[in-house]
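Student: Predicted model and sequence below, questions to follow.
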Amino acid sequence: MIQPYFDDKLNLTTFVCSGPVTAADIEEQVKILYLGKPSLNAVWNFTNGDVSALSPADIRGIAQFVKTASHSRSGGRTALVFPTPMLTEMAPLLESISEIEVPDAKIKIFNELDAALAWISA
């Protein structure tokens, strides 16, 4: 499950993931984000989520979908937050994530939410 929260002050949408998370779940939330005027910044908090069902192909598919709509978030930042144990298990996925290139936006991976929020608000 993915629950979005919007912070007007930071122009930030935080997506809190819990339990199993599928590519379809992520794509659904990305579609909702890009309806109307999306927030400039986004944090995807996977610390309580289970992304074990995602494949590198799923990540590439999500990346392609994001690229088609990313022009509306020019200058924005997206932080992906995973717990450290999950990061070590996700080597193939991280390789796919690192290949995501979104023009005029930045994507960074963190293992702590506070560090991600500090980067977003910098």
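Tutor: Great, that's in hand.
Student: isn't residue 43 right next to residue 117, touching?
Tutor: Yes - in terms of C-beta atoms under 8 Å, residue 43 counts as a neighbour of residue 117; the distance is 6.8 Å. From N, CA and C alone the C-beta is placed, and that goes for glycine too.
Student: Now list whatever residues contact both of those two.
Tutor: Residues touching both residue 43 and residue 117 (C-beta atoms under 8 Å, 6 or more residues apart in numbering): residue 79.
Student: Looking at those two, which is more packed in?
Tutor: Under the neighbour definition other C-beta atoms under 10 Å, residue 43 and residue 117 were set side by side, and residue 43 has more, 23 against 20.
Student: hang on, the more buried one in a helix?
Tutor: No - under the criterion used here (DSSP: H, G, I helix; E, B strand; the rest coil), residue 43 is strand, not part of a helix.
Student: Please report how far it lies from residue 111.
Tutor: In this view, residue 43 and residue 111 are 13 Å apart by C-beta to C-beta, to the nearest Å.
Student: Now list whatever residues contact both of the two.
Tutor: Between them, residue 43 and residue 111 have residue 81 as joint contacts when contacts are counted by C-beta under 8 Å, 6+ apart.
Student: ranges for the strands of this structure?
Tutor: Per DSSP state E, the chain carries strands over the ranges 2-7, 12-20, 41-50, 77-81, 106-110.
Student: For the protein, which residues score under the pLDDT cut-off?
Tutor: Counting by pLDDT under 70, the chain has low-confidence residues at 69-72, 91-105.
Student: report the longest helix in this structure, please.
Tutor: Of all the segments of type helix in the chain, defined by DSSP state H, the longest one is helix 56-69.
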